[in-house]
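1. A predicted structure for the sequence below; I have some questions about it.
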Amino acid sequence: MSSKIHREKLRSLFEESQGGVIYLRGAETMYRYSTDFEFPFRQESNFWYLTGVNEADYHAVIVVKTGEFFLFHPKRDAQYGVWHGRIKSTEEIQELYQPDKLYLDNELLTVLNNLNPSTIYCLDESQAEYLEDLNREFVVDTESLPDALTYCRSIKTEEELSKMRRAAEVNDLAHIEVIRSIKPGMFEYESKAIFDHAQKSRGLLQPAYSGIHASGVNSAILHYTGSDKRMEEGELLLVDAGFEYEGYASDVTRTFPVNGRFSGDQAAIYQVTLDALNEIIEMVKPGVKMEELHLAACRIILHGLKEFGIVKGEIDEMMDKNIFALFFPHGLGHFLGLDTHDVGGYPKGVDRIDRPGVRFLRVRRELEPGMVITIEPGIYFIPALLKPALLNKEQAPFLNVKKIESLYGFGGIRIEDNLIITETGSENMTNVPKEIKELEQMMK
């Protein structure tokens with residue numbers, strides 16, 4: 001089982017704490033406010049990583065010295081079976097998750113007292129308070145386990161990568177179905193429906209995140225969550241969406257014209273974004289820092305915008321004045337795994353760079369083999385950023401006022417691929433057309 005490998009990987013980081021145990025509390029079923037409306041259950045990622053359990057109300061204990069894995073399951077009564085379905089037997093639970101010892105959840109305190117650990121390592125203050133409510137004599141550490149799990153989850157095993165490739169494969173097909181289906185007059189929610197159907201009909205049932213289906217000016221809203229706009233002739237549609245396979249996420253973005261043909265402005269700005277994506281992917285390899293890749297993407301974007309007449313002046317000067325952040329205000333990418341914005345982007349002691357655009361970078365560290373990242377440059381025309389810049393004495397000289405004002409209704413373009421860092425470079429898991437001719441041909 002992959003979870004056993006993960007437990008051993010984690011335990012190796014606690015070798016000096018031979019008297020300690022690791023405690024994790026799994027997720028509970030969540031409800032909408034104070035109603036009986038249940039959200040689809042999805043296990044807390046660290047618990048899933050270490051136990052393989054994707055069910056509510058479980059607990060786990062790992063003994064550091066021996067590696068023993070104790071699993072605690074809830075006692076389900078007949079009423080649970082009436083409302084929620086057949087109750088698993090202890091034999092089924094044992095066979096599914098293969099703990100060294102299986103207990104009911106009400107035996108947790110007894111087991112912990114019998115172990116008499118010198119320290120209990122847990123994830124957060126909430127779990128610490130739960131343990132302290134059981135026994136105030138417990139010594140609880142909430143700092144070591146999150147750091148250790150972050151280290152473990154940052155480097156994927158081959159089994160994890162295999163799951164991510166499967167998520168990517170289905171995600172590719174879903175994006176392609178949307179690209180082939182969209183036409184003027186449809187609503188954004190129809191794009192989402194096509195995408196979701198393509199995923200669920202292939203067995204992927206859990207969205208990795210809310211998903212963005214943004215047309216026209218909405219495509220310049222970085223985390224757009226609406227979906228009720230009708231897509232019009234001459235607009236772009238930005239689709240940033242993905243589903244999970246056995247917990248592991250895919251996260252791909254494509255932007256394309258609703259009518260199947262890029263206009264002159266759309267094609268020019270799209271090509272600049274695509275050039276940034278392609279050139280940065282060529283630079284990805286072990287030892288490269290994400291902030292270096294981000295700033296390189298910013299320079300490529302400024303070069304392209306200058307050629308198109310949107311900005312003017314020397315590239316170095318525009319970099320110094322953070323002109324790139326007016327058009328590319330988010331980070332270049334992030335880690336990907338059991339969470340879409342996966343853990344590990346900022347190792348302990350590493351702070352964010354306090355600079356426009358760069359401060360939102362979600363990864364600031366050297367890349368290593370086994371890491372999985374997204375690369376997602378974008379260019380947006382956001383009046384809330386551009387209007388103040390046109391009045392700023394330091395930034396205005398670098399901006400073509402008439403051209404920029406003519407593009408206030410343009411929206412934005414983002415293109416995103418998912419990469420595995422290899423020993424010599426990267427493996428691109430994303431196989432959705434992104435060249436202009438390919439997209440236009442597909443939309444025919």
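-> Perfect, I can see it now. Residues are numbered from 1 along each chain as shown.

2. CA atoms only for the least confident helix or strand in the chain by mean pLDDT, dumped as CSV, please.
-> Ranked by mean pLDDT, DSSP states H and E, the weakest helix or strand in the chain is helix 78-84, scoring a mean of 88. The C-alpha coordinates for helix 78-84 follow below in CSV (Å, rounded to 0.1, in the frame of the first residue of the first chain):
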residue,chain,number,x,y,z
ALA,A,78,-28.6,1.0,12.7
GLN,A,79,-29.8,4.5,12.0
TYR,A,80,-26.6,5.3,10.2
GLY,A,81,-27.2,2.3,8.0
VAL,A,82,-30.7,3.5,7.3
TRP,A,83,-29.7,7.0,6.2
HIS,A,84,-26.2,6.4,4.8
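
3. Let me see the residues that make contact with it.
-> R76, I87 (C-beta atoms under 8 Å, 6 or more residues apart in numbering). Any C-beta I mention is one placed from the backbone N, CA and C, and that applies to glycine too.

4. now the strands for the stretch 301-444 of the chain?
-> 372-375, 378-380, 412-414, 417-421, 426-428 (DSSP state E, counting those that start in this stretch).

5. With just CA atoms, put the longest one into PDB.
-> Put plainly, it is strand 417-421. Coordinates of each C-alpha in strand 417-421 appear next as PDB, following Å, rounded to 0.1, in the frame of the first residue of the first chain:
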ATOM      1  CA  ASP A 417       0.400  22.900 -18.000                       C
ATOM      2  CA  ASN A 418       1.400  20.400 -15.200                       C
ATOM      3  CA  LEU A 419       5.000  19.300 -15.000                       C
ATOM      4  CA  ILE A 420       6.900  16.600 -13.200                       C
ATOM      5  CA  ILE A 421      10.500  17.600 -12.300                       C
END
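
6. Now that strand: average pLDDT?
-> The average pLDDT for strand 417-421 rounds to 98.

7. re earlier: which residues in the least confident helix or strand of the chain does the neighbour count mark as buried?
-> Residues of helix 78-84 classed as buried by neighbour count (16 or more other C-beta atoms under 10 Å): none.

8. now that helix: how far from the chain's centre is it?
-> 35 Å (C-alpha atoms, centre = their mean, to the nearest Å).

9. Tell me the confidence at P184?
-> For P184, the model assigns a pLDDT of 98.

10. which residues touch it?
-> Contacts of P184 by C-beta under 8 Å, 6+ apart are M231, E232, E233, E235, V258, N259.

11. Closest to S191 out of those residues?
-> M231 (7.7 Å; C-beta to C-beta).

12. Walk me through the regions of the protein where pLDDT falls short of the threshold, as ranges.
-> Scanning the chain for pLDDT under 70 picks out nothing.

13. Map the structural domains onto the sequence of it.
-> What the record gives for the chain is the domain set 2-154, 158-443, from automatic domain parsing.

14. any idea which of those is most buried?
-> domain 158-443 (a mean of 19; mean count of other C-beta atoms under 10 Å).

15. Please tell me I have it right and N400 contacts G309.
-> Yes - here N400 reaches G309: they are 5.6 Å apart, a contact under C-beta atoms under 8 Å.

16. re the thing from before, turn the strands of the stretch 301-444 of the chain into CSV, including distance to D354.
-> Shown next, in CSV, are these (distance: least, C-beta to C-beta, whole Å):
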stretch, distance to D354
strand 372-375, 23
strand 378-380, 21
strand 412-414, 24
strand 417-421, 27
strand 426-428, 29
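
17. just so I know, which of those strands lies nearest I194?
-> Comparing those under C-beta to C-beta, the one sitting nearest is strand 412-414, at 19.3 Å.
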